[in-house]
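Visitor: the following comprises the amino acid sequence and a computationally predicted model.
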Amino acid sequence: MAVIKTPTKYFLVKGCAEGESELNSFDNALIDAGVGDTNLVKLSSILPPKCQRIEPIKLPHGSLVPIAYSKITSSVPGEVISAAVAVGIPENEDLAGLIMEYSNKAPLDIVEKRVKEMVIDGFKFRNRTLKEIISIGATIEVKKVATAFAGVVLWD
């Protein structure tokens, strides 16, 4: 019987980059964020109970990396794009936290404000008390093709 392990640690990453194509700019943004050369496994938005924040670590090349992330790509020169994630930490550490992701064609302060509001709304719906919100985001003004990326890596 396979055992699925619950992550016990997390860290935040961000990156942005230009590229020759949408996929190249996304790949370059992942490298800028420190999660390039890995296989990202996109998650929904739950932080396991008692999961501890750590500083970003060097991930093994080719590893499967569970991550909740936000990204936006644009090929409109002069456009400002931003991506952000926010982690809601519950007052009761026995309960799950919440990760929200948001991106838009807007400055980072607007995108980060919105993603934090989404965390607050998620906690209200769950009737949980919020201890704190931690967020990170990336922004870039497009020259040719650009991607902004932000994520929460869940790790052990």
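Guide: Structure's in. What do you need? Please read all numbers here as calculations on a predicted model, not as lab measurements.
Visitor: all helices for this protein, in order.
Guide: If DSSP state H is used as the criterion, the helices of the chain fall at 22-33, 108-126.
Visitor: can you name every helix or strand that the last one contacts?
Guide: Right, helix 108-126. The contact analysis (3 or more C-beta pairs under 8 Å, 6 or more residues apart in numbering; DSSP states H and E) places helix 108-126 against strand 80-90, strand 97-104, strand 130-141. Placement of C-beta: from N, CA and C, glycine included.
Visitor: could you dump these into a markdown table and include mean neighbour count, distance to residue 17 and mean pLDDT?
Guide: Formatted as a markdown table, those follow (neighbours: other C-beta atoms under 10 Å; distance: least, C-beta to C-beta, whole Å; pLDDT from 0 to 100):
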| stretch | mean neighbour count | distance to residue 17 | mean pLDDT |
| --- | --- | --- | --- |
| strand 80-90 | 25 | 12 | 98 |
| strand 97-104 | 24 | 15 | 98 |
| strand 130-141 | 19 | 8 | 98 |
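Visitor: could you dump the ones you listed to TSV with distance to residue 41?
Guide: Compiled in TSV, these are given as follows (distance: least, C-beta to C-beta, whole Å):
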stretch	distance to residue 41
strand 80-90	16
strand 97-104	14
strand 130-141	19
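Visitor: still on that earlier bit, point out the most buried one among the helices of the chain.
Guide: Ranked by mean neighbour count, the helices of the chain are led by helix 22-33 with a mean of 19 (mean count of other C-beta atoms under 10 Å).
Visitor: now the end-to-end length of stretch 56-69.
Guide: Stretch 56-69 has an end-to-end distance of 15 Å (criterion: C-alpha to C-alpha, to the nearest Å).
Visitor: off-centre distance for that stretch?
Guide: Computed by C-alpha atoms, centre = their mean, to the nearest Å, the chain-centroid distance of stretch 56-69 equals 12 Å.
Visitor: just stretch 136-154 next, same as before
Guide: Stretch 136-154 has its average C-alpha position 10 Å from the chain's average C-alpha position, going by C-alpha atoms, centre = their mean.
Visitor: how about residue 37, phi and psi?
Guide: phi 60, psi 20 (degrees, to the nearest 10).
Visitor: pLDDT weak spots in the protein?
Guide: Residues of the chain meeting the criterion pLDDT under 70: 1-2.
Visitor: fine by me, thanks again.
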